[in-house]
Structures are given as C-alpha cells and as structure tokens.
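J.: For reference, the sequence and a predicted model appear below.
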Amino acid sequence: MNDKIIFHPILFSFLPILFLFQYNIHEVPITDVIIPLFLSVIPILVLWIPLKFLIGFKKSSLITSTLVLLYVVYSNLHHILTTQSNSFLQIFGKNSVLGMIFLIIFIIIIVLILKRKSIMNINNPLNIMSITIIGFLLVSISGYYISNPIDYSISDYSQLEIPIFDTKTKPDVYMFLLDEFAGKDTLRIDFDYNLQPFEDRLSELGFITPQKSFSNYPNTELAVPSFMNMIYLDFLKDELGIDSNDFRLPNQMRQSNTVMKIFKANDYNITTFYGGMGLVPDVRLTDERLCSFGTINPDLRKNFVLTYMPFSYFNEKLLENHQYEKLECFFDAIVNTNFEKTSPNFIHAHIRLPHEPFIYDESGNKVSQKNQNDKAAYLSQLKFTEKRILELIDVIRERSPDSIILVMSDHGFRPEIDWETPKPIDHLRGFNTILSFYFPNSDVEITSEISSVNIFRILFNSNFNTEYEILENRHIWYKPDKPYDFIEVQNSFKDL
C-alpha cells in the first residue's frame, strides 16, 4: 500500500456511530445513521488539517487516529463501568479516575510520535486496521439483515377497509399524544396526586372522558402501532418469533399507519411534529413535518451523548436544550400556524411530555440535570403539561370551534415497574393512561372503559359514519428483552 495514502483517521471516525448502530440495529433504521456518519467526519478534519500544517501529514494522521481510538475505548469502558452495580467499578469508571488514566496514555503516545523520526511504517498498518474493523462491522450489520429478513409486504396487516367519509363536513382533527402521561389511578397510588381537576376542566370545555382508560401494550413501540392501525398485534409473535427484539416491522406499521391512510384517502392535509419523537409517519402520508430542525434519531442521539459525551454539559446542551427547543417550537406552532384552509387537517402531535428529560417545572420554567427516575420532577412536568394542553385547547377552540380534539397518552409511568415478576400494580403502571374526546358536532355515549385500540374506531364511527367493530379490551404484557413473547393480562389490576 502506498505510504503516501493515509485514510485511517476518516475510517476510524465512523466507529462511534457504527458501534452504536450495531448495538441498536433492531430498532434504529439504517437510513437514520447516514447523516450522523457524515457529521462524524467533521471534527476529525477540524483536528487533522491544522495538525497537518504544524507537524506534518504522517504524524498528524497518527495523532488523530490515536485520539479517536482512545476516545472510543474510553467512552465505552466508562459507560460499561458506571452502569455496574459494583461500587468499586463505578468509582473506577468515573471521569476523574478513568479519564486521567487515558489522558496519561494519550500524552505518552503523543510524545513518542513527536519524538520518533521515522513513522512511515505505522500508517500503512493503521490503514489496514481501519479497513478491517470497518469491514468487520459492515459484515456484522449485513449479516443481521440477511439472517433477520422482514417481510414489509405485511404492511397490509390490518385488512381494514379504508372508507370514504359519507358526511357533509370534514372537521379538523387534533391528536395530542402525551408520552408517558400516567392515568389517574397510577397518579393516585404512586404520586398521591388527584387528576380530577384536570378532567373536570376538560369536561367544562365539552370533552368526554371515560371513567377508566388503558393502553393495550405497556410501551410506545407496540402501543402506538396498535392504536394507529386500530388492531391488536398478535401476528407479530408468529411473524418475528418470541425470541426476537427487532422493532423494524412495528416501526414500519407506525410510520405507514391505517389512521393516516384513512385521513389521506379523504383529502385531509396531514401535519406531524417531531417534538422530541424522531420516528414520524411516512413522507407519503404527511404533508408537513414541523419542528424537525437538527433531527437525528432520538435514541441514537441519546445513546451517542451518554456514551461518547459523558459530561453533564453535553447532556444539557445536546439533549435537554434540544428537547426544550423542539417542544417550544411545537407550542408556538399550534398557537401561531395557520393550517391549511382549503382542505381539512389532521394534526398528529406525539409529544415527549411528561416523559423525561425533565426540563420544565410546574410553572413552565426551564430546569435541567434531573434524574430520569425523579418522581418529583416527573410530577412537576406533568402538571405543566396539563396547563399547557389546556391553553392550546383554548386556542384551537377559539380559532376553529368545530375541530375534533383527542387528548391521550400511550402508556403510564414505568420506572418503578418490575418487568420480570409483575404484580397488579406493575400492570396498572404500564397500562393506565389518560383519554378525552372533544366531539363538538356529535352526540355520542362513551363507555365507562376504553382501551387504546378502539380510540380511532370510536372517533371515526362517531363523527364520520363509519361502522368499525369495537374490539374487546385486551392488555398484553411482555418483558423488554422479549417484546413478542406476549402475555395476556387479567383485569385484576383495574380494581386497585
């Protein structure tokens, strides 16, 4: 290999993203790593090019690659050690301890490189090493896709009719999906908090709220595909197997969902918000995607920051501030956007509230550096969410009084759940949600209990003269590492 051709710093710059993607390959679409891979080269070039003019091409290449490799090893080792239960390993993994060790190693290597007169034989092996490592990762990634094929033609899974509405008017429909907003029973038991004033205020505004509401699945990954397609997901167990943890198919169902197909078939203009939730419906179904600035898959972003930027400063700047800006953009857009007037609108807003990161106090002031399991911080953000949603509802009703409004959550507050040996209280925490309908031009009686799978069946039947069957209420549990090993849960948790 020509010793004047040096490219190992560029290839090594891909390692952080490729390692993360390989670890999260079952839930992160491969298209979501393309932009991060390109972005990962920029800091390497920023370091490499100035060093090239100061100390030469070959030495600058060695120093750059050394820094990248030590950075990757240190970051992953730090992440592993600080998540262990052993207190000694946690202490050893601290930045002040492990970071100092790696800093000393880096300084020693830099001194050796700068003092060495001839280094032409080192770059060639590093070129070969970089090709080998990247090649191994690509083979591993390709092997996963080959050995775990997904039949996306099953996108016709629902077999539900796509009706053309037989109504004189087509009102705008607003959907506020509030992530991890716990239901009133969970809030009463775990937080000693009464949600009734919030429900009473909604009732004063004309909303109808069932006495009890529950999700059919305890996590977003399956709850949202279920109610956005108005079906249960039993077929996933047979299609993927109970040992699979691959979410590519339910993600596809979430993006290309039946509810939006119905609205699109009836000439609705569909608007979605990122609002912290990176996975939004397919571009073929949406007309506008608002608040998408700087969008990178949120799981990939979070894992990258926590693994490769293990400092509070970066957690705040790259996670909390980014989330804050998106949510503020969402609030502003609902208040100030003049949605399409020539056609009816479906505004789909899946918002990461009151889900962590906890960035609002009860009054809406910005806070930071709260533990993701902090119950007091969660409750404060939930109270803020109540107030903000009520304000947005007032704006919508004043601007468009005939609009249908749906306020719901996908699952409950889950940090205290025992997933392995769940008791009724754990089931309640996972399934208990909020739900309220605003149907201004429809007289409809709502049953005392509604589960998420029927929400849009009720909405379409009540407002657009469809005749969808109302499905029985079922609640399906699973462990996070085996999401398709479905366990049918009995109703005892509803009596708590």
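T.: Noted; the coordinates are in hand.

J.: Sketch out the low-pLDDT regions of this structure for me.
T.: Residue ranges of the chain with pLDDT under 70: 1-3, 117-120, 154-158, 275-283, 293-319.

J.: quick one, what contacts Pro43?
T.: Residues near Pro43 by CB atoms under 8 Å, 6 or more residues apart in numbering: Ser13. For glycine as for every other residue, the C-beta is placed from the backbone atoms N, C-alpha and C.

J.: and Asn245, how far is that from Gln372?
T.: Per CB to CB, to the nearest Å, Asn245 is found 21 Å from Gln372.

J.: So for those two, which residue has more residues nearby?
T.: Asn245 (15 against 11; other CB atoms under 10 Å).

J.: wouldn't that one be in contact with Asp485 here?
T.: No: in terms of CB atoms under 8 Å, Asn245 does not count as a neighbour of Asp485; the distance is 10.0 Å.

J.: and Phe486, what is it in contact with?
T.: By CB under 8 Å, 6+ apart, the neighbours of Phe486 are 234, 237, 242, 476-478.

J.: right, I mislabeled it, should have said Phe439
T.: By CB under 8 Å, 6+ apart, Phe439 lies in contact with 208, 404, 459, 462-463.

J.: hmm, try it at 10 Å
T.: 171, 206-208, 404-406, 446, 458-459, 462-463 (CB atoms under 10 Å, 6 or more residues apart in numbering).

J.: Same question for Ile164.
T.: 262, 265-267, 464, 466.

J.: mind checking the SS state of it?
T.: At Ile164 the chain is in coil, as set by DSSP: H, G, I helix; E, B strand; the rest coil.

J.: Next, count neighbours for the residue nearest to Gly93 when sequence neighbours are not counted.
T.: Of all residues not flanking Gly93 in the chain, Leu81 sits nearest, at 2.6 Å (CB to CB, 6 or more residues apart in numbering). Other residues near Leu81 number 18, with proximity taken as other CB under 10 Å.

J.: ok, now Pro401?
T.: 11.

J.: quick one, what contacts it?
T.: Here Pro401 is in contact with 171, 206, 440-441 (CB under 10 Å, 6+ apart).

J.: Helix or strand for Ile63, just tell me which one.
T.: Assigned by DSSP states H and E, Ile63 belongs to helix 57-82.

J.: how far off helix 57-82 does the longest helix belonging to the chain point, in degrees?
T.: Counting by DSSP state H, the longest helix found in the chain is helix 120-147. On the basis of axes from the mean of the first three to the mean of the last three CA atoms, to 10 degrees, helix 120-147 is oriented at 50 degrees to helix 57-82.

J.: ok, then the element right after helix 120-147?
T.: strand 173-178.

J.: who does that next one pair up with?
T.: strand 345-351 (parallel), strand 404-409 (parallel) (DSSP bridges).

J.: how about those strands in a markdown table, adding distance to Leu327?
T.: Formatted as a markdown table, these follow (distance: least, CB to CB, whole Å):
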| stretch | distance to Leu327 |
| --- | --- |
| strand 345-351 | 7 |
| strand 404-409 | 16 |
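
J.: Save those as TSV, and put in mean neighbour count too.
T.: Listed next are the strands paired with strand 173-178 as TSV, based on neighbours: other CB atoms under 10 Å:
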stretch	mean neighbour count
strand 345-351	23
strand 404-409	23
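
J.: out of those, nearest to Lys366?
T.: strand 345-351 (16.5 Å; CB to CB).

J.: What is the distance between that closest one and the centre of its chain?
T.: Taking CA atoms, centre = their mean, to the nearest Å, the mean C-alpha location of strand 345-351 is offset from the chain mean by 16 Å.

J.: again, but for stretch 163-175
T.: With CA atoms, centre = their mean as the basis, stretch 163-175 stands 29 Å off its chain's centre.

J.: got it, and stretch 345-354?
T.: 13 Å.

J.: Thank you kindly, that will do.
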